[in-house]
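J.: Test case, fold it:
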Amino acid sequence: MKATAFERVQTARHPERPYALDLLSTVFKDFVEVHGDRRFADDPAMLSGFARLGETEVCVVGQQKGRDLNERRFRNFAMPKPEGYRKALRVMRLAEKFGRPIVTIIDTPGAYPGIDAEERGQAEAIAFNLREMARIKVPIVVVVLGEGGSGGALAIGIGDRVLMMENAVYSVISPEGCAAILWKDAAMAPDAAAGLKLTASELKKFGIVDNIIAEPEPWTMPVDDDDVSKDAFDSIASTLRKSLSDEIDALSSLPPDKLLAERYAKFRKMGEWVS
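T.: From the prediction side, this is the model:
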């Protein structure tokens, strides 16, 4: 039976679904984290550093949720503050300097909306990343891993290729937030989810994402004594690893001016203009 849009949302939020750190120990290897934005602080909600994808050295940037309450608080529930986005851009510029392809991993309900974040320029940090990522002269591959919420996701979502897990979601607002605005009732979230067209299949149809990574079985963290769970996890992770490698190999053959021109054209053709 085909899952509804809101069922996809619930799957994307599943507490045992893989997070960025899980990919860094399975899809990637030898991850070395880089901390701090060199302006204010380090933001644990945003992971940034360098790793290997097969034999290719890459930069990896991603939002990280937590497995338990303490880690969720530490990671701020994967809601980055301005220093998180500035750290991400700092590391991406290092990748550009040394010719390393970039992989970004999106998994956030949205950017942190607190007063302290606004005081330090949350909107400016997001907007600045959008502009600068469009200009980076190395390949950028984006993976929508779980939740892709609003500008908090888009701030690391400007890439040459956008891959999306089959049960991930990507939207300008959460279904609950949309329902609260339109109907003044968060219980209307399933209707809002259907209207937002936030599933992988819908977004591929609109050209927002380029490829969908299939999840033929539930993709959750393997239980130590559950061989079935581990086999499913390893199989899907292997598919993601191959897709990333193939995309990076193809993009790395393009000269920088052509890479940037195609990236620009990709985002310019999104949406419709009705006079």
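J.: Which neighbouring elements make contact with the strand or helix carrying Val143?
T.: According to DSSP states H and E, Val143 maps onto strand 140-149. Packed against strand 140-149 by the contact rule (3 or more C-beta pairs under 8 Å, 6 or more residues apart in numbering; DSSP states H and E) you find helix 5-12, helix 20-24, strand 102-108, strand 161-165, strand 169-171, helix 227-252. Backbone N, C-alpha and C define where each C-beta goes, glycine included.
J.: let's see it at 7 Å
T.: Contacts defined by 3 or more C-beta pairs under 7 Å, 6 or more residues apart in numbering; DSSP states H and E place strand 140-149 against strand 102-108, strand 161-165, strand 169-171, helix 227-252.
J.: could you dump the ones you listed to CSV with mean neighbour count?
T.: Below are the helices and strands packed on strand 140-149 laid out as CSV (neighbours: other C-beta atoms under 10 Å):
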stretch, mean neighbour count
strand 102-108, 27
strand 161-165, 24
strand 169-171, 26
helix 227-252, 16
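J.: now those as a markdown table including distance to Glu96 and mean pLDDT?
T.: Below are the helices and strands packed on strand 140-149 laid out as a markdown table (distance: least, C-beta to C-beta, whole Å; pLDDT from 0 to 100):
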| stretch | distance to Glu96 | mean pLDDT |
| --- | --- | --- |
| strand 102-108 | 8 | 98 |
| strand 161-165 | 17 | 98 |
| strand 169-171 | 25 | 97 |
| helix 227-252 | 13 | 92 |
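J.: circling back: roughly how far out does the strand holding Val143 sit from the chain middle?
T.: Here the centre of strand 140-149 is set off from its chain's centre by 2 Å, with C-alpha atoms, centre = their mean, to the nearest Å.
J.: Partner strands of it and their direction?
T.: Its sheet considered, strand 140-149 pairs with strand 102-108 (parallel), strand 161-165 (parallel), strand 169-171 (parallel) by DSSP bridges.
J.: what comes into contact with the last one?
T.: The set of residues that contact strand 169-171 without belonging to it, under C-beta atoms under 7 Å, 6 or more residues apart in numbering, is 8-9, 12, 144, 147-149, 153, 164, 196, 198-199, 203, 208.
J.: farthest pair in these?
T.: The largest separation in those, counting by C-beta to C-beta, is between Val9 and Ile208 at 16.5 Å.
J.: got the contacts of strand 169-171 as a markdown table, with distance to Ala179 columns?
T.: Putting the contacts of strand 169-171 into a markdown table (distance: C-beta to C-beta, whole Å) gives the following:
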| residue | distance to Ala179 |
| --- | --- |
| Arg8 | 16 |
| Val9 | 12 |
| Ala12 | 17 |
| Val144 | 22 |
| Glu147 | 16 |
| Gly148 | 18 |
| Gly149 | 15 |
| Ala153 | 19 |
| Met164 | 23 |
| Leu196 | 10 |
| Leu198 | 13 |
| Thr199 | 17 |
| Leu203 | 20 |
| Ile208 | 22 |
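J.: Is it possible to get CSV of the helices and strands packed on strand 140-149 that adds distance to Met46?
T.: Shown next, in CSV, are the helices and strands packed on strand 140-149 (distance: least, C-beta to C-beta, whole Å):
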stretch, distance to Met46
strand 102-108, 9
strand 161-165, 19
strand 169-171, 18
helix 227-252, 19
